[in-house]
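Quick one, fold the following:
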Amino acid sequence: TLLGFDSNSPSIYDYETPTEVEGKLDLTPEEQSLLELLQRVRDQYSPRTTIRIAGGWVRDKLIYGKATPSRDIDLVLSDTSGREFAEKVCRYFDEKGEDHAEIQSSSSKGEQAEHLQTASLVISGFDVDFCRLRYEKYDKDSRMPTYIGVGTAVEDAWRRDLTINALYYNINTNQVEDFTERGIKDLLSQTIATPKNPLPTLLEDPMRILRAIRFAAQ
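Numbers count the residues shown, from 1 in each chain. Below is the predicted model:
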């Protein structure tokens, strides 16, 4: 099976149709504790924010269940920058009198605007990246985006390299979200595909070709 799934933990291959997969992530106690922490931070400091986990962690959880090897979690936020929400997490720890790691900023040129600043924070052994939902534009001669703007969840999904990496886990609703309407289907059928036309998608960033080959080989 895809990526060598071999576990008693439920995986995507225990279901027959994409609609059966929604809300089926099998979390470890450590993962559940982390998500509950993020929910408390949102409820206390940013109640209008929708928090989603994006990309590889969601893909791997669907495949491996509790056996997922990934402790890298990419958060995307609906209405605040990654830096701002990471600061709220630290504020929560400070008010509880608990120690926490220092925030690491990782803004590129296109992310210097305050509303798009990203951040990283180690929480309970998880490497958590914080980022706002976005869309990107590329010049034909550059693999780096020349413009980054605030986007919707749909725009954020369609900018990604592969449909299986364009899946989200909505922490607010505890639901898997598939805005391309192909990610779960492609996981079930073990298909490697791009959300948009493959030629411009791969030309935007040729490294995507290598990632696609790596997933196909697995």
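
what about the helices in this protein?
Using DSSP state H, the helices of the chain run over 18-21, 29-45, 56-64, 82-96, 153-158, 183-189, 198-204, 207-217.

and the fifth one, what other elements does it pack with?
With contacts taken as 3 or more CB pairs under 8 Å, 6 or more residues apart in numbering; DSSP states H and E, helix 153-158 sits against strand 134-137. (Each C-beta comes from the backbone N, C-alpha and C, glycine too.)

Just the buried positions in the strand it packs on, please.
Within strand 134-137, the residues that count as buried by 16 or more other CB atoms under 10 Å are 134-136.

tell me the contacts of the most centrally placed residue in the chain?
In the chain, the centroid-proximal residue (CA atoms, centre = their mean) is Ala54; its distance is 1.4 Å. Residues counted as contacts of Ala54 (CB atoms under 8 Å, 6 or more residues apart in numbering) are 74-76, 156, 167-168.

before we move on, what about Asp129?
Contact analysis of Asp129 by CB under 8 Å, 6+ apart lists 72-75, 82, 106, 118-120.

if we go to 6 Å?
74, 120 (CB atoms under 6 Å, 6 or more residues apart in numbering).

Check what pLDDT it gets.
Here, the pLDDT recorded for Asp129 equals 95.

cool, Asp79 as well?
93.

again, but for Gln218
66.

For Lys96, see how far away Gln44 is.
For Gln44, the distance to Lys96 (CB to CB, to the nearest Å) stands at 11 Å.
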